[in-house]
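>>> Return atomic coordinates for the entry below.
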Amino acid sequence: MSTSADIVSDIREFNRFYTNILGLLDQHILDSGYSLTEARVLFEISKTKRCFANTLVNQLGIDRSYMSRMILKFERNGLITKTVSETDTRVSYIQLTDKGWQDFNDLNEKSNEQIKKLIEPLSDEACIQVHNAMNTIKRNLFITADSISIRPFTANDIDYVISRHKALYRLERNLSSAAFSNYIDEGFRDFVQNFDKEKDCMFILEYNENPAGSVAIRHANEKTAQLRYFFLEPEMRGWGAGHKLIDMALEFCREKEYRHVFLWTISAQKVARHLYKSKGFEITQTHENNEWGEVVLEERWDLDL
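Residues are numbered from 1 along each chain as shown. Modelled structure (predicted):
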C-alpha cells in the first residue's frame with residue numbers, strides 16, 4: 001500500500017506521546033531500586049521453573065557480560081538460586097527464591113497500581129476502547145502468522161506449564177497458598193503419569209519459537225473429557241490465540257468421539273469465561289473455595305458435542 005505522509009506523521013506523534021507515558025510508568029519501577037532491565041529479567045526468570053542465562057540473553061537481547069553481572073547481583077541479594085543442570089554440568093538453571101518472588105510480586109503490584117491510576121478517570125466504554133485499540137496495534141504490527149505456531153507438548157514443556165500456571169494465578173488472582181501449589185503439582189503429575197495418546201492431548205502455543213500458552217484434554221471416561229491447563233501469556237491475549245487453542249482441543253475431542261466435555265475455572269477469569277461461553281459451554285455447578293490463598297468461586301462448565 002501507499003502510506004501517506006499524514007499517517008507516518010501521526011504514528012511518530014503517537015510514539016512520542018506513548019513514550020512519555022512509559023517514562024512515567026518506568027519511573028515508578030525505578031523508585032523500587034531496580035533498573036528497568038533488572039525488572040524485565042526478574043519477570044523472565046519468573047516465567048519458568050528452570051531458566052537459563054543463555055535463554056535470557058537470547059530472548060532479551062542483553063549483552064552476555066552485563067547479564068552475568070545482573071545474575072551475580074541477584075544471587076548475592078538472595079533473589080535467585082543457581083542449580084547445576086543434571087544433563088550438562090557446565091550450565092546452571094536459575095530460580096527465584098522466596099525473597100525473589102516477594103520482590104517480583106511487589107514490583108508487579110506497583111506496576112498494576114500505576115496502570116489502574118492511569119485508566120481510573122476513564123469510563124468503562126473508554127477503557128474498553130483503549131484496550132481494543134492496543135490489541136489492534138499488537139495484532140497488526142507485532143504478531144504475524146509466521147511468528148505463531150501450535151504443537152503437541154513434550155516432556156520439556158512440563159516445568160513450563162506448571163510454573164506458569166502457578167505464577168499467573170499468583171500474580172493475577174493472588175492464589176499463592178501451598179494448597180493451590182499442591183493442587184497444580186498433583187493434577188499435572190497425574191495427567192502425565194496416566195497420559196494416553198489415544199485419549200489425551202496437550203497443545204503448546206509458541207510465539208517466535210518460545211512457549212506462550214497451553215491447553216489439554218484429559219479423558220474422564222470413554223465418552224467424557226475434561227479440558228484443563230488452558231492459559232495464555234499476557235502478551236498473547238486479545239488477538240485470537242485462545243480461540244485457536246480451544247478449537248484445537250475441541251476438534252481433538254470430536255475426532256476421538258467424545259460426547260461431552262467439561263472444565264473447572266473460577267469466576268474471576270472473566271475473559272476465559274467469555275471464551276468458554278462463545279464455544280457453547282454453560283455453567284452447571286459452583287462452590288466457594290477458601291483454601292487457595294484467596295476466596296474464589298469455582299465453576300464447572302459443560303458442553304455436549
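>>> domains of the protein?
5-121, 145-304 (automatic domain parsing).
>>> so which of those domains is the most packed in?
Comparing the domains of the chain by mean neighbour count (mean count of other CB atoms under 10 Å), domain 145-304 comes out on top with a mean of 16. (Each C-beta comes from the backbone N, C-alpha and C, glycine too.)
>>> Low-confidence ranges, the stretch 201-305 of the chain, go.
For the stretch 201-305 of the chain, no stretch has pLDDT under 70.
>>> ok, which stretches of it are helices?
241-255, 270-278 (DSSP state H, counting those that start in this stretch).
>>> residues in contact with the residue most central in space within the chain?
Note on the chain: the residue nearest the mean C-alpha position is residue 233, at 2.7 Å, using CA atoms, centre = their mean. Listed by CB atoms under 8 Å, 6 or more residues apart in numbering, the contact partners of residue 233 are 47, 164, 207, 212-213.
>>> change it to 6 Å
212-213 (CB atoms under 6 Å, 6 or more residues apart in numbering).
>>> repeat for the one 5 residues further on
For residue 238, the contacting residues are residue 135, by CB under 6 Å, 6+ apart.
>>> Which parts of the stretch 51-200 of the chain are strands?
In the stretch 51-200 of the chain, the strands defined using DSSP state E, counting those that start in this stretch lie at 51-52, 80-84, 92-96, 148-152.
>>> how much space between the residue nearest to residue 168 when sequence neighbours are not counted and residue 289?
Using CB to CB, 6 or more residues apart in numbering and skipping the chain neighbours, the partner closest in space to residue 168 is residue 231 (6.0 Å). Going from residue 231 to residue 289 by CB to CB, to the nearest Å gives 18 Å.
>>> now residue 225
Residue 225 sits at a distance of 23 Å from residue 289 (criterion: CB to CB).
>>> returning to that earlier point: which stretch among the domains of the chain comes nearest residue 132?
domain 145-304 (8.1 Å; CB to CB).
>>> What residues does the spatially closest residue to residue 180 that is not a sequence neighbour make contact with?
Distances taken as CB to CB, 6+ apart place residue 292 nearest to residue 180, at 3.9 Å, with adjacent residues excluded. By CB under 6 Å, 6+ apart, residue 292 lies in contact with 175, 177, 179-180.
>>> again with residue 100
So residue 100 contacts 79-80 (CB under 6 Å, 6+ apart).
>>> where's it relative to residue 109, distance?
Using CB to CB, which is the criterion applied here, residue 100 is 15 Å from residue 109.
>>> cool, and residue 162?
Residue 162 is 23 Å from residue 109, by CB to CB.
>>> before we move on, back to that, please convert the helices of the stretch 201-305 of the chain to TSV, extending it with distance to residue 93.
Shown next, in TSV, are the helices of the stretch 201-305 of the chain (distance: least, CB to CB, whole Å):
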stretch	distance to residue 93
helix 241-255	27
helix 270-278	30
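>>> Of all those, which one is nearest residue 201?
helix 241-255 (4.9 Å).
>>> ok so, going back, now the domains of the chain in TSV, with distance to residue 137?
Formatted as TSV, those follow (distance: least, CB to CB, whole Å):
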stretch	distance to residue 137
domain 5-121	9
domain 145-304	10
